[in-house]
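1. Sequence first, then the predicted structure, then my questions.
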Amino acid sequence: MLSQRGQVSDPAGNIRPSVPPGLGETLEYAQTKVGELPLGELRAAGVHRTPLEYYLVGTYPPLKYLRDIEEDEVYAGLTPSQNLYLHLPFCEQYCTFCHFYKEIRADAGRVDRYLAALREEITLAAARAPGGFTASSVYFGGGTPSYLDAAQLDGLFAHLWRHVRTGGDTEITFELHPGVVRRPDYEDRLDAIAAGGVNRWVFGIQSMDEQVLATLNRGHGRAEVYRLLELLAARDVRDLNVDLIFGLPSQTVENWYATLVELLAAGIEKFNIFPLMFKRSDPITRHYIRAPQEFPDERERLVMHYMAEYVLGHAGFTRGPVFYYSRRGEHSRQQRNKFDSIEADNLVGLGVSSFGYIGGTQYYNLCDNSAYMAAVAAGRTGVWRGHTLSAEERVRRAVMFGIRSGGVDFGALRDAFGVDGTELFAAELRRLRALGLVEVDGAHLALTDLGGAFVDGIGHLFASDEVRARVAEANERIESPASDPVDRHDYSPIGRLDLPGGIEDRHRDRAVR
């Protein structure tokens, strides 16, 4: 649990932070927590993984399990309410850690052609929903959505809102890169984003240390962060979320602590804090293989996790879905819907390389922009691969995602799918309870404080043998993990070990067993 020590309330009852705990106090707390962890037992159980082995559960089943699929099958189960994700793949520079599909410094013509295809896919997909989409949430991600200029943004918003109904409580999220302030028209871009209806802004910072930012090729420094904060404050932006990553090259416990404290002092009230994840195609992975000593090791990564929990808890933050922290107790609706709901709100992915989950069907769009634009020009959506899950697999998926947020209601899953999860997972639950990772209260499953630090190591254990077997078969067909499109865009920990031509973890020999 996040510590609540040191909170101060104003006369209206609003939580205000006290002076943050010092570095020494924070380190002592975090190192004590890590020292108490049964890392050997957790590694033997497949829960604790080395930095290269670690990855979050982004989709289930994994891309390696999916097959070519027709869009009729994907959209057959569309629910009355949807969460929409739109991928905007353009960037000014190649951040070394980013493994999502992107194009670097595309010219205006290329961007316009892509946006025309995206608008057409919106039209085609919305036609499959009676009256068009009804959005619970909309998320513009990338890539760098703020790469678009004001006219491009205006056109995209105008088209989207012709096909998507929203309500007063619809969450509309837009990702920003601090480097946008280097563009001569940056104020026009921010005005266009605000005029488009955005009410939740996600601000990718990753670190406030100049050396770390330079190593990551981020294309911005602290000055751009503060300038953008000024601009957003001038526009009365009230829902601002900051992305941070721990485990980065050149990152130390000292500059990690400094980043947290500095951003708290700047008034940030929502953080999305992720551990660094590796993909074989990323430059940062080659950096790690070449010089692992320049990265925090697995113990230091855990220390950084507990440092963040301690500092933010002291400042009055609570954790919602794992990795998401808020001082005001409000958390991203799209993330809550993704992890909490039993498929009540579909996730509809639009644009190149997006993925979604509609009515029991996990799917991916094409992960090559030229192929994506050609498909849409031929009158099709970008749908590429997918699979419609059985009732049992839907329960497995619900558990993997549910434990990351409010927990799992096995009674509701039984009513929805006719599968008793307490029986299906009896062996897994016994093992996880014995390790102190989960609590089962009647039909409700939740993570313990210990389990929260290893949520994705726990989640992948609920995958079926059939899914694991097919992923293993797919791995045998991969000749180059660094360039294979399926491996490159497979956002799952399942089947990441011992790939042919895979990467060697030089920390592995030092791992606690």
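-> Looks like it came in fine.
2. Now the helix or strand containing Asp456: buried residues?
-> Element membership for Asp456, per DSSP states H and E: helix 455-459. For helix 455-459, a neighbour-count test (16 or more other C-beta atoms under 10 Å) marks Val455, Asp456, Gly457, Ile458, Gly459 as buried. Backbone N, C-alpha and C define where each C-beta goes, glycine included.
3. State the mean pLDDT of that helix.
-> The average pLDDT within helix 455-459 is 92.
4. got the CA coordinates for it in PDB?
-> Presented in PDB, the C-alpha positions along helix 455-459 are these (Å, rounded to 0.1, in the frame of the first residue of the first chain):
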ATOM      1  CA  VAL A 455       2.000  -7.900 -11.300                       C
ATOM      2  CA  ASP A 456       3.000  -8.700 -14.900                       C
ATOM      3  CA  GLY A 457       5.200 -11.600 -13.700                       C
ATOM      4  CA  ILE A 458       2.000 -12.900 -12.000                       C
ATOM      5  CA  GLY A 459      -0.300 -12.100 -14.900                       C
END
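5. now for that helix, which elements pack on it?
-> Applying 3 or more C-beta pairs under 8 Å, 6 or more residues apart in numbering; DSSP states H and E, one finds that helix 455-459 contacts helix 391-402.
6. And the contacts of the helix it packs on?
-> 57, 60-61, 338-340, 342-343, 360, 362, 389, 408-409, 413, 416-419, 421, 424-425, 445, 459-460, 462-464, 467 (C-beta atoms under 8 Å, 6 or more residues apart in numbering).
7. Give me the buried positions along it.
-> Applying 16+ other C-beta under 10 Å to helix 391-402 flags Glu393, Arg394, Val395, Arg396, Arg397, Ala398, Val399, Met400, Phe401, Gly402 as buried.
8. How about stretch 216-236?
-> Leu216, Arg218, Gly219, His220, Arg222, Glu224, Val225, Arg227, Leu228, Leu229, Leu231, Leu232.
9. from those, which is closest to Arg380?
-> Gly219 (34.9 Å; C-beta to C-beta).
10. Are we agreed that the closest one is in a helix?
-> No: per DSSP: H, G, I helix; E, B strand; the rest coil, Gly219 lies outside any helix segment and is coil.
11. And the strand ranked longest in the chain, what does it pack against?
-> Longest strand of the chain, by residue count under DSSP state E: strand 133-142. Judged by 3+ C-beta pairs under 8 Å, 6+ apart, strand 133-142 is in contact with strand 81-88, strand 164-165, strand 171-176, helix 333-340, strand 345-350.
12. Kindly recompute the last result at 7 Å.
-> strand 81-88, strand 164-165, strand 171-176, helix 333-340 (3 or more C-beta pairs under 7 Å, 6 or more residues apart in numbering; DSSP states H and E).
13. now the buried residues of helix 391-402 as CSV including pLDDT and distance to Ser483?
-> CSV is the format used below for these (pLDDT from 0 to 100; distance: C-beta to C-beta, whole Å):
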residue, pLDDT, distance to Ser483
Glu393, 97, 30
Arg394, 96, 33
Val395, 96, 35
Arg396, 97, 30
Arg397, 95, 29
Ala398, 93, 34
Val399, 95, 33
Met400, 94, 28
Phe401, 91, 30
Gly402, 91, 35
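14. ends of stretch 303-323, how far apart?
-> Terminal residues of stretch 303-323 lie 15 Å apart, using C-alpha to C-alpha, to the nearest Å.
15. now stretch 283-296
-> Terminal-residue distance, stretch 283-296 (C-alpha to C-alpha): 17 Å.
16. repeat for stretch 88-102
-> Stretch 88-102 has its terminal residues 8 Å apart, counting by C-alpha to C-alpha.
17. any chance you could map the strands in the stretch 51-200 of the chain?
-> Per DSSP state E, counting those that start in this stretch, the stretch 51-200 of the chain carries strands over the ranges 67-68, 81-88, 90-91, 103-104, 133-142, 164-165, 171-176, 200-206.
18. which one of the ones you listed lies closest to Glu254?
-> Counting by C-beta to C-beta, Glu254 lies closest to strand 200-206 out of these; the figure is 16.6 Å.
19. Check which strands are paired with that closest one and give the direction for each one.
-> Sheet neighbours of strand 200-206, with direction, are listed as strand 171-176 (parallel), strand 240-246 (parallel) (DSSP bridges).
20. would a markdown table of those with mean pLDDT, distance to Pro20 and mean neighbour count be doable?
-> Below are those laid out as a markdown table (pLDDT from 0 to 100; distance: least, C-beta to C-beta, whole Å; neighbours: other C-beta atoms under 10 Å):
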| stretch | mean pLDDT | distance to Pro20 | mean neighbour count |
| --- | --- | --- | --- |
| strand 171-176 | 97 | 25 | 23 |
| strand 240-246 | 96 | 15 | 21 |
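21. Save those as CSV, and put in distance to Ile104 too.
-> Shown next, in CSV, are the strands paired with strand 200-206 (distance: least, C-beta to C-beta, whole Å):
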stretch, distance to Ile104
strand 171-176, 17
strand 240-246, 20
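22. and of those, who's closest to Asp154?
-> Taking the strands paired with strand 200-206 one by one with C-beta to C-beta, strand 171-176 is closest: 13.6 Å.
23. Quick one: work out the angle between that closest one and strand 81-88.
-> Taking axes from the mean of the first three to the mean of the last three C-alpha atoms, to 10 degrees, one finds that strand 171-176 is oriented at 10 degrees with respect to strand 81-88.
24. And the helices in the stretch 101-250 of the chain, which stretches?
-> Remark: helices assigned in the stretch 101-250 of the chain by DSSP state H, counting those that start in this stretch are 108-126, 150-163, 186-195, 210-215, 222-234.
25. Number of residues surrounding the residue nearest to Gly379 when sequence neighbours are not counted?
-> Of all residues not flanking Gly379 in the chain, Leu124 sits nearest, at 7.4 Å (C-beta to C-beta, 6 or more residues apart in numbering). Leu124 has 18 neighbouring residues, counting by other C-beta atoms under 10 Å.
26. again with Leu424
-> Neighbour tally, Leu424, other C-beta under 10 Å: 19.
27. Retrieve the pLDDT associated with it.
-> What the model reports for Leu424 is a pLDDT of 98.
28. The nearest residue to Asp239 once chain neighbours are set aside and Thr259: what is the separation?
-> Counting by C-beta to C-beta, 6+ apart, Asp239 lies nearest to Arg200, which is 4.5 Å off, once chain neighbours are set aside. According to C-beta to C-beta, to the nearest Å, Arg200 stands 22 Å off from Thr259.
29. So what sits opposite Leu445 in the bridge?
-> Here Leu445 sits in beta bridges with Val408, Val440, as judged by DSSP bridges.
30. Identify the residue nearest the spatially most central residue of the chain in space, chain neighbours excluded?
-> Central residue of the chain (C-alpha atoms, centre = their mean): Gly58, 7.2 Å from the mean position. Spatially, and ignoring its direct neighbours in sequence, Gly58 is nearest to Tyr491 (3.2 Å; C-beta to C-beta, 6+ apart).
31. I am finished for the moment; much appreciated.
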